[in-house]
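Student: give me a 3D structure for the following:
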Amino acid sequence: MSAGIDLLAVPTTVLVGTADKLTPEVHSLELAERLRQHGRLHEMVTLPLIGHMINMEEPDAFNAALTRLDTATRD
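Tutor: From the prediction side, this is the model:
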């Protein structure tokens, strides 16, 4: 995992599908934990039976997560 993750300075949402073969769930869980340790994890969203293309496979859940992040981070 990139050291750049530790340098993120913005709230971040991690979305993962449990059927994602390109980025397995374990990697997203590790990413979310690193973000949490740095106080940058806004939300971790796990979508059962969804693959790598979350925005196409489950657009409503994707858009809802984006909306929650946007709402939480508005000035």
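Student: which stretches of the chain form strands?
Tutor: Along the chain, the stretches classed as strands by DSSP state E are 12-17, 41-47.
Student: now do the contacts for Leu22.
Tutor: When contacts are counted by CB atoms under 8 Å, 6 or more residues apart in numbering, Leu22 touches His52. For every residue, glycine as well, the C-beta is placed using N, CA and C.
Student: dump the strands of the chain to a markdown table, plus mean neighbour count, distance to Ala61 and mean pLDDT.
Tutor: Output for the strands of the chain, formatted as a markdown table (neighbours: other CB atoms under 10 Å; distance: least, CB to CB, whole Å; pLDDT from 0 to 100):
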| stretch | mean neighbour count | distance to Ala61 | mean pLDDT |
| --- | --- | --- | --- |
| strand 12-17 | 21 | 8 | 97 |
| strand 41-47 | 17 | 6 | 98 |
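Student: those strands: which one's closest to His27?
Tutor: Closest approach to His27 among these (CB to CB): strand 12-17, 8.1 Å.
Student: between that closest one and strand 41-47, how many degrees?
Tutor: Here the directions of strand 12-17 and strand 41-47 differ by 10 degrees (axes from the mean of the first three to the mean of the last three CA atoms, to 10 degrees).
Student: what's strand 12-17 packed up against?
Tutor: helix 25-37, strand 41-47, helix 54-57, helix 59-73 (3 or more CB pairs under 8 Å, 6 or more residues apart in numbering; DSSP states H and E).
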